[in-house]
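Chemist: give me a 3D structure for the following:
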Amino acid sequence: MKVSTKGRYALRMMIDIAENSDESGRIPIRDISERQGISIKYLEQIVTNLTRAGLLRSVRGSGGGYNLTKKPEQYTVGEILRAIEGKLAPVACLEDDVNQCGRVDICLTIGFWEELYRIIDDYVDSKTLQDLLGQENAAV
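Modeler: The predicted structure is shown next:
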């Protein structure tokens, strides 16, 4: 499993919104783009998935922008990454709910891959957006 640039940028975007929300909570995408050094066009692709997944709310018009739909401690890194990446399976045969591989019954490595998948899911689901905010603040 390799997290794409979109996945990494989605985490950066969510952290930026959490850090920079004002009273209205709305952050213009232009501001995120400037702070993060990511093009607006690229952020628009990411924000579409995050909004569709219910992780962000879009407010149009003057004073519009994006805001979180819940508190930073209520988001897991896993749900943010899955909104962008889909399942975080380390091998293709685990991406579907039912393993479609013709060798699944005789595969000597399937147990290893299933355990690695569980470890990945458990780890990303144990970390919250707030945890990442705390790490960033500790690094300053």
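Chemist: can you tell me the SS state at the closest residue to Cys93 other than its chain neighbours?
Modeler: In space, and not counting its chain neighbours, Cys93 is closest to Cys101: 4.0 Å by Cβ to Cβ, 6 or more residues apart in numbering. Backbone N, C-alpha and C define where each C-beta goes, glycine included. Secondary structure, DSSP: H, G, I helix; E, B strand; the rest coil: Cys101 is coil.
Chemist: roughly how far apart are Cys101 and Ala89?
Modeler: Distance from Cys101 to Ala89, counting by Cβ to Cβ, to the nearest Å: 12 Å.
Chemist: and for Trp113?
Modeler: Using Cβ to Cβ, we find Trp113 at a distance of 8 Å from Ala89.
Chemist: where's the residue nearest to the spatial centre of the chain relative to Ile110, distance?
Modeler: Centroid check for the chain by Cα atoms, centre = their mean gives Ile80 as the closest residue, at 2.4 Å. Note on Ile80: its distance to Ile110, by Cβ to Cβ, is 28 Å.
Chemist: now the helices for this structure?
Modeler: 5-20, 29-36, 40-52, 77-85, 110-126, 129-139 (DSSP state H).
Chemist: mean pLDDT for these - can I get that in CSV?
Modeler: Below are these laid out as CSV (pLDDT from 0 to 100):
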stretch, mean pLDDT
helix 5-20, 96
helix 29-36, 96
helix 40-52, 96
helix 77-85, 98
helix 110-126, 97
helix 129-139, 78
